[in-house]
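In: Sequence below, structure please.
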Amino acid sequence: MTEQRSSYRQIFKATSLFGGVQVFNILIGIVRVKFVAVLLGTAGVGIIGLLNAPLELIVSITGLGIYISAVRDISAADGTNNPTALARAIVILRRWAWITGMLGAIVTITLAPMLSQWSFGNKEYTWAFIWLGTTIILGAISHGQTAVLQGTRRLRALAKASVLGSALGLVTSIPLYYLYGNEGIVPAMVVSAVTALLLSWYYVRKVKIEAVDMDFKDTITSGLGMVKLGVSMTIAGLIASLSRYILNAYISNNGGIEVVGLYNAGWGVISQYTAVVFAAMATDYFPRLSAIHSDNNKVQELVRQQSETAVLILTPLLSLLIVMMPLVIRVLYTAEFLPMLTFANLTILGIHFKTLSWAMGYIYLAKSDGRLFLILEIISGSIILGLNLFCYHVYGLNGLGISFIISYVIAILISFYVLKRKYQISFPLKLYAKMIFTYSFVLIAFATAYIETELYRYIAGFVVLALATVYSVYKLNQLMDLKSLIVEKIKNKFS
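Out: As a prediction, the model looks like this:
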């Protein structure tokens, strides 16, 4: 087996692994979202979005990025087979998780009246934000535990914690929504946070660590290294969260909570559906890229392989989602959410561009070029927010789908220029050709979605889907001998 084929296979395996986890989460999410839609309606979905947006912003600021850098430190210590170094890294992370969690809770509680005013235009949700301050502490500790699992490569345990957390969150939330309606949203969020914490603790307790003697000063000093490594990602997350919060608040004040609900529902379907690829990028592709960051030729080749594999996997999936979108909306939500159909389909047209943009964006992090990464994040964040506000003002909800496409096209063009100028990294024309060819399937599927006769619409859509699937499977088989890989997996499963 050639080195290149082995690389393609590793990318495919990682995507398949996290894809399996995502399928479980999607199935659980389908039931959860359906109950939320039926029991709470568009207003309830909007309230959840307006509560989550500022919390994500606060966590982005106060979290200091320690979980990302901690995974790196824990993984490095675990790889040296030094129990003391591993124990120190874990203890430092756990103590800093408490510090950042308490800081986030204090900020949330202090700003609760203002958060309610900014998000809802009144102070009726002040106590809601105060109660949700506790979820930041619980979430910080839980994220610290999952960072330990990821850093020590206990990915199966991490997957189980994720799936069980979603399932238990569903079981505990539905009765609260049923009994209390919108008043049950905050209690459900608190209960879900408690459940996630208990599950992460259950699985992480199996990680054996030595007792280490560390005072508070040593903890703070050593933890500053983790904080420094995570600053770039923290600021990037802050920009993204701030943009989402401003956009949600703008939509709420100009279109109403119901439109916020439609926007969050549409984006939620697409982001969850495509998470199989982007989760694999974060957990497998980024570490591999970091390992070869000093060799630009290898970096260029890996980015090409990752992008190529990702779009081949995504093309039939996105085509299927477009064809089935009206049914998906009815199954996941209710007919009340059908006005988001065009917005959702337009957003799907931007996923190919987002995939390539993310694949290139990880290069800056792999090379530890935090300054350049932050400059580009500020520029792209400003462009995205400006386009979102302008396009929503002009075209309404559908304008947000248009701005999504334009934003990532601009992001790709910027990265092309910067990577060529800064690192002399460029990509072969055949990558662009494959991107355009696979994208044509999604474009045609989008066109078929607006055939008036339902029977003809589904016939045309499934023909495009079949062609996209055949092409993707054929090309994947060429790249990695997909057939023998599947046979090998089946044999291993039953041996």
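In: Quick check: phi and psi at the residue in the chain sticking out farthest from the centre.
Out: Among residues of the chain, the one most distant from the C-alpha centroid is residue 213; the distance is 37.0 Å, by C-alpha atoms, centre = their mean. Per-residue torsions, residue 213: phi -100, psi 100 (degrees, to the nearest 10).
In: Against residue 96, how distant is it?
Out: Counting by C-beta to C-beta, to the nearest Å, the gap between residue 213 and residue 96 amounts to 18 Å. Where you see a C-beta, it was placed from the backbone N, CA and C, and this is true even at glycine.
In: With residue 40 instead?
Out: Plainly put, residue 40 is 36 Å away from residue 96 if you go by C-beta to C-beta.
In: between those two, who's got more neighbours?
Out: With other C-beta atoms under 10 Å as the criterion, residue 40 and residue 96 differ in neighbour count, and residue 96 comes out ahead with 24 against 20.
In: Pull out the buried positions in the strand or helix carrying the more buried one.
Out: Assignment of secondary structure by DSSP states H and E places residue 96 within helix 83-120. For helix 83-120, a neighbour-count test (16 or more other C-beta atoms under 10 Å) marks 85-97, 99-101, 103-105, 107-109, 111-112, 115-116, 118-120 as buried.
In: Repeat that for stretch 204-217.
Out: For stretch 204-217, burial by neighbour count (16+ other C-beta under 10 Å) applies to 204, 207, 209, 212.
In: and which of these is nearest to residue 345?
Out: Relative to residue 345, the closest of those is residue 204; by C-beta to C-beta it sits at 41.1 Å.
In: tell me which residues in stretch 67-78 are buried?
Out: When neighbours are counted by 16+ other C-beta under 10 Å, the buried residues of stretch 67-78 are found to be 67, 68, 69, 70, 71, 72, 73, 74, 75, 77, 78.
In: follow-up on the earlier one: quick check, nearest of the buried residues of stretch 204-217 to residue 343?
Out: The shortest gap between residue 343 and any of the buried residues of stretch 204-217 belongs to residue 204, at 39.8 Å (C-beta to C-beta).
In: Could you double-check that that closest one sits in contact with residue 149?
Out: Yes. Taking contact to mean C-beta atoms under 8 Å, the distance of 5.9 Å between residue 204 and residue 149 places them in contact.
In: Need the residues touching each of those two.
Out: With contacts taken as C-beta atoms under 8 Å, 6 or more residues apart in numbering, residue 204 and residue 149 have residue 157 as neighbours in common.
In: Out of the buried residues of stretch 204-217, name the two that are farthest from one another.
Out: Checking the buried residues of stretch 204-217 with C-beta to C-beta, the most distant pair is 204 and 212, at 16.5 Å.
In: Now do the contacts for residue 142.
Out: Contacts here follow C-beta under 8 Å, 6+ apart; on that basis residue 142 touches 193, 196, 197, 200.
In: how much space between the third one and residue 473?
Out: Using C-beta to C-beta, we find residue 197 at a distance of 42 Å from residue 473.
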